[in-house]
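Peer 1: Sequence and predicted structure below; questions after.
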Amino acid sequence: MTQKATFGAGCFWGVEETFRRIDGVVATSVGFMGGDDGATSYEQVCSGRSGHAEVVDLEFDPDRVGYDQLLDVFFSHHDPTTLNRQGPDSGTQYRSAIFFHTPEQDAVACAAIQRLSVAARFPGPIVTTIEPAVEFHRAEEYHQRYLEKRGQSSCSI
């Protein structure tokens, strides 16, 4: 049986591509979570007033990849120390966020942040939020697998 995981780590195009390549991730979708449910278009979210984060919503097989491994990828592929910013993108929609679907995911995410903080892995404090998963709003179709459709493997920052 598969499980869900949802992460916000800046612009969702590169985040989706990173997670899509992991063995055990069986489906990805980009969209928005964590804000005003009335704001569900890319333009509304980009305004910065919706409260939503750009996220990648994953379906994964826990027999092939663990949630802790997904968290390792999450923390390795963005800067969790910059508040509401990744590279040139700024605003709350680009915040570093973990949206947990179960109490176990909440506990594992909290432990991961604690472990990384104690290890001083990053030059500054981790500002990643841990929030309960709420309704996922799928982004428009042209955003899905955006980089793959363009023959790109990553975003250029």
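Peer 2: Great, that's in hand.
Peer 1: Give me the pLDDT for residue 75.
Peer 2: For residue 75, the model assigns a pLDDT of 97.
Peer 1: Ignoring the adjacent residues along the chain, who's closest to it?
Peer 2: Nearest-residue entry for residue 75: residue 116, 6.3 Å, with adjacent residues in sequence omitted and distances by Cβ to Cβ, 6 or more residues apart in numbering. Quick note: C-beta positions are derived from backbone N, CA and C, even for glycine.
Peer 1: Tell me which residues touch the one you found, please.
Peer 2: Taking Cβ atoms under 8 Å, 6 or more residues apart in numbering, we find residue 116 in contact with 75, 80, 122, 126.
Peer 1: Mind pulling the model confidence for it?
Peer 2: 97.
Peer 1: What is the neighbour count of residue 144?
Peer 2: Residues near residue 144, counting by other Cβ atoms under 10 Å, number 17.
Peer 1: isn't it right next to residue 29, touching?
Peer 2: Yes. Using Cβ atoms under 8 Å as the test, residue 144 is close enough to residue 29 to be in contact (6.5 Å).
Peer 1: what residues are shared contacts of the two?
Peer 2: Common contact partners of residue 144 and residue 29 (Cβ under 8 Å, 6+ apart): 16, 138.
Peer 1: circling back to that earlier point, let me know the closest of the contacts of residue 116 to residue 62.
Peer 2: residue 75 (18.9 Å; Cβ to Cβ).
Peer 1: Can you tell me how far the closest one is from residue 149?
Peer 2: Residue 75 sits 27 Å away from residue 149, taking Cβ to Cβ, to the nearest Å as the criterion.
Peer 1: more neighbours, these two?
Peer 2: Neighbour totals were compared for residue 75 and residue 149, and residue 75 leads with 21 against 11 (other Cβ under 10 Å).
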